[in-house]
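Asker: Here is my input, please return the structure:
(2 chains)
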Amino acid sequence: MSEPAVTLRDASMVFDAAGGEVHALDHISLDISDGEFLSLIGPSGCGKSTMLRLIGDLLVPTGGDVAVRGKPAHQARLDRDYAMVFQAATLLEWRRVAANVELPLEIMGVDTAERERRAAEMLHLVGLDAFAHNYPWQLSGGMQQRVSIARALVFQPSILLMDEPFGALDEMTRERMQMELLRIQEQTGTTIVFVTHSIPEAAFLSDRVAVMSPRPGRLVEVIDIDLPKPRVFETREDPRFFAAVTQVRESLRAIEEAT
Amino acid sequence: MTVDRWRRAVPAVVLFASGIALWEAVVQVFDIKAFIVPAPSAIVAALFSEWPDISAAATGTFTSALLGLALGTALGIGAALGAVRWPMAREGAMPLAIAANSTPIIVLAPVANSWFGLLSPWSSIVVVAILVFFPVMINLVRGLLSAEASELELMASYAASERTKLWKLQLPGALPYMFSALKVAAALSLIGAIVKEYFGGSQARLGQYLTLKAGNFQFEEVWAAVLVAAAFGIGLYVLITLAEKRFMGWHVSVRAANV
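Answerer: Here you go, the predicted structure:
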């Protein structure tokens, strides 16, 4: 097997807070394979967002190591190995849709013609060609989030870090976005680390689901999802899907009962 | 759309015209003395007969106001950029700036004459610049710091430099704050320039003209000069609003108001 895309070794994160130290993450060790779809799930305060930010070098662990393709996370960020997608689309409201998608390329010094070509390609991938010249506020929440996914993928990062990206969307939009994300991953081969609160979402999307417990944030169990790929609409009706959902749910319930 | 805009202006025009008519009627019917309030017709007559003096005085005063506005705004922008770049400086300077902004700085006007000499144009320019400096600096600092955490994380995930972050995120995001500050600053610049002139200086200035005519009980002339100052103030405001529409059409305030 090829070397893992992401490696966490005894990664810990302690925050100084008003009431004393908060152990957000406690000795997390995990390998994420190249091209894998891994979800992080757990109750609020279990440190899943913190873990995402350690991988992305937006936070520096107070203990242990985070490596990406054998490099320290910091170097990987400087090399533009990651892209982030947040719960809010976080589009810059003074830029039109196409200009928002071009933003990372602009920062990376890509020339105008190439920027426009790649932004158009990404907008096509997320089905928003017709909205290139609109402002973000003219788009629905789901469309805005698709723009933010296009922006994240436009510079072809090897790892996509997603922090509850579909959390603010209605159920119908959410299911459509899930299908779209899997289709995009199939086309691009991007490794995805996905934070979610939703058990069915984690089960439907993931190769593996990492279940976490709060205070201190610990990795309780990593569940392999035994479902064929590509996942399709009928996957949600597959008995193996229900089995996966049940397995994740029981793991989470065990945490609740223990705390 | 233009027809629609004219139609929306109708209530304001009608209200203004009937206000003037009522004013004229009340002055005529009750035979109100000019030192209390002259009739609009008398003010307009004075404006024509006194135009050479008033226009010369106004030109001098408005030049001071505009130069002071430009200088104070430039210094305010510089100070805000410095305060955002160096948090230590910000923590020291911001409380002082906010305190200074809460004092009636205009009371310094007589002192400025002794700094630069009664006839130096600098005494007016500097008073105006000081008045304008604080609201510009304070608002711009707030604007530059108004970027959301996720927007800053987005920039960090692209490994964007400080300069890139400033140009692509913080400055565009601060535009609404900057334009609010400019509207306040424009009004302050006129007040500053005229009030400063009450305390002496060249005769060919609005402040001196006003004190002289009021002392002579020539209130038609006083009101004519006030009218000119008001027209200039409104003109300045309109210019700023046009610039706002041009550079900030994306912002919710411009989108919604569209006036």
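Asker: Which stretches in chain A count as helices?
Answerer: Taking DSSP state H, the helices of chain A run over residues A:48-55, A:73-78, A:97-107, A:112-125, A:141-153, A:171-188, A:199-205, A:239-258.
Asker: The shortest one and chain B, are they touching?
Answerer: Yes: residues of helix A:73-78 contacting chain B under CB under 8 Å from any CB of the partner chain: A:77-78. C-beta here means a position set from N, CA and C on the backbone, and glycine is covered the same way.
Asker: helices and strands around that helix, which ones?
Answerer: strand A:63-68 (3 or more CB pairs under 8 Å, 6 or more residues apart in numbering or on different chains; DSSP states H and E).
Asker: now swap in the fourth one and tell me
Answerer: Contacts of helix A:112-125 with other secondary structure elements, assessed using 3+ CB pairs under 8 Å, 6+ apart, are made with helix A:97-107, helix A:141-153.
Asker: which bits of chain A sit near chain B?
Answerer: Within chain A, the positions lying close to chain B (CB under 8 Å from any CB) are A:53, A:56, A:58, A:77-78, A:80, A:82-84, A:86, A:88, A:90, A:92-94, A:103-104, A:106-108, A:135, A:137, A:161.
Asker: from what I can see A:Leu181 touches A:Ile149, true?
Answerer: Yes: if you go by CB atoms under 8 Å, A:Leu181 and A:Ile149 touch, sitting 7.1 Å apart.
Asker: Could you list the low-confidence segments of the chain?
Answerer: Defaulting to chain A. A:1-2 (pLDDT under 70).
Asker: could you do chain B instead?
Answerer: In the predicted model, chain B carries pLDDT under 70 at residues B:1-2, B:256-259.
Asker: 50 instead?
Answerer: Applying pLDDT under 50 to chain B flags residues B:258-259.
Asker: So which residues on it come close to chain A?
Answerer: Taking CB under 8 Å from any CB as the criterion, chain B approaches chain A at residues B:148, B:150-151, B:153-160, B:164, B:168-169, B:172-173, B:175, B:248, B:250-252, B:255.
Asker: Tell me which residue in the stretch 1-150 of chain B sits closest to chain A.
Answerer: Relative to chain A, the nearest point of the stretch 1-150 of chain B is B:Ser150 (4.6 Å; CB to the nearest CB).
Asker: so what's that residue up against?
Answerer: Neighbour list for B:Ser150: A:86, A:88, A:90 [criterion: CB atoms under 8 Å, 6 or more residues apart in numbering or on different chains].
Asker: would CSV of those with distance to B:Leu119 and neighbour count be doable?
Answerer: Output for those, formatted as CSV (distance: CB to CB, whole Å; neighbours: other CB atoms under 10 Å in any protein chain shown):
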residue, distance to B:Leu119, neighbour count
A:Phe86, 60, 23
A:Ala88, 58, 18
A:Thr90, 56, 20
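Asker: Just give me the neighbour total for B:Phe133.
Answerer: Neighbours of B:Phe133 under the rule other CB atoms under 10 Å in any protein chain shown: 26.
Asker: What of B:Glu220?
Answerer: With other CB under 10 Å as criterion, B:Glu220 counts 20.
Asker: And B:Gly82, by the same measure?
Answerer: Residues lying near B:Gly82 (other CB under 10 Å) number 14.
Asker: Mind telling me what element the closest residue in space to B:Ser55 that isn't next to it in sequence is part of?
Answerer: Closest residue in space to B:Ser55, ignoring its immediate chain neighbours: B:Val228 at 7.7 Å, by CB to CB, 6 or more residues apart in numbering or on different chains. Taking DSSP states H and E as the definition, B:Val228 sits inside helix B:219-247.
Asker: mind listing what's buried in that helix?
Answerer: B:219-225, B:227-229, B:232-233, B:236, B:240-241, B:244 (16 or more other CB atoms under 10 Å in any protein chain shown).
Asker: repeat for stretch B:34-52
Answerer: Per 16+ other CB under 10 Å, stretch B:34-52 contains these buried residues: B:34, B:38-40, B:42-43, B:46-47, B:50.
Asker: For those, give me CSV that also has secondary structure and distance to A:Thr62.
Answerer: CSV is the format used below for the buried residues of stretch B:34-52 (DSSP: H, G, I helix; E, B strand; the rest coil; distance: CB to CB, whole Å):
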residue, secondary structure, distance to A:Thr62
B:Ala34, coil, 78
B:Pro38, coil, 76
B:Ala39, coil, 78
B:Pro40, helix, 74
B:Ala42, helix, 79
B:Ile43, helix, 73
B:Ala46, helix, 76
B:Leu47, helix, 73
B:Glu50, coil, 75
